[in-house]
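Visitor: A structural model of the following input is requested.
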Amino acid sequence: MDKKNPVARAVNPIRFEIDSELAGLRDLCKAAWGAPADASLERVVKRGLAHVGAFDGSKLVGFVNVAWDGGVHAFILDPCVHPDYRRKGIGTGLVTRAVDASRQRGAKWVHVDFEPHLRSFYRGCGFRPTEAGLIAL
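Guide: Modelled structure (predicted):
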């Protein structure tokens, strides 16, 4: 076992689940973002179009939420992967499954906003650049 990265050992294959139970979501968000998720996240997720969890055994190691407008537009929100599991294709697996679930549930467009350092990741997931606007409130 690699002492620097305990996940470097032979890991169970990662299992992806659509609309999975969210036990461990707050812990995952704290590990991934350095701060716990907003208390409303679980309530928001339940109103969304879909969400995808990535699991190593029973441990939630990745998550993405798909919000929507009730029509044809879906929005990728809150993607996160536990730091010990990054750079293993889990983020790509989450986004790919979120896009597939959006398509299956009737969305015609999937939007994502991201910081510049994530541009190559989202391009690798099939997103193309567009013009957009944003107001910070």
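
Visitor: Need the distance between the two termini of stretch 23-40.
Guide: Stretch 23-40 has an end-to-end distance of 15 Å (criterion: C-alpha to C-alpha, to the nearest Å).

Visitor: in that stretch, what's buried?
Guide: Neighbour-count burial for stretch 23-40, counted by 16 or more other C-beta atoms under 10 Å, picks out G24, L25, R26, L28, C29, A31, A32, A37. In this view, the C-beta of every residue, glycine as well, is placed from N, C-alpha and C.

Visitor: try stretch 122-133
Guide: Here stretch 122-133 shows Y122, C125, F127 as buried, counting by 16+ other C-beta under 10 Å.

Visitor: Nearest to G133 among those residues?
Guide: Set against G133, the nearest of the buried residues of stretch 122-133 by C-beta to C-beta is F127 (17.3 Å).

Visitor: residue contacts, that closest one?
Guide: V110, V112 (C-beta atoms under 8 Å, 6 or more residues apart in numbering).

Visitor: swap the cut-off to 10 Å and go again
Guide: Residues in contact with F127 (C-beta atoms under 10 Å, 6 or more residues apart in numbering) are I76, V95, V99, V110, H111, V112, F114, L118, R119, F121.

Visitor: What of Q104?
Guide: Counting by C-beta under 10 Å, 6+ apart, Q104 makes contact with I18, L49, A50.

Visitor: Can you tell me the number of residues neighbouring T92?
Guide: Using other C-beta atoms under 10 Å, T92 is surrounded by 15 other residues.

Visitor: and the residue lying closest to it once chain neighbours are set aside, how far is that from D113?
Guide: Closest residue to T92 apart from its sequence neighbours, by C-beta to C-beta, 6 or more residues apart in numbering: C125 at 5.9 Å. Distance, C125 to D113, by C-beta to C-beta, to the nearest Å: 14 Å.

Visitor: Start and end of stretch 65-81, how far apart?
Guide: End to end - C-alpha to C-alpha - stretch 65-81 spans 12 Å.

Visitor: Which positions in it come out as buried?
Guide: N65, V66, A67, W68, A74, F75, I76, L77, D78, P79, C80, V81.
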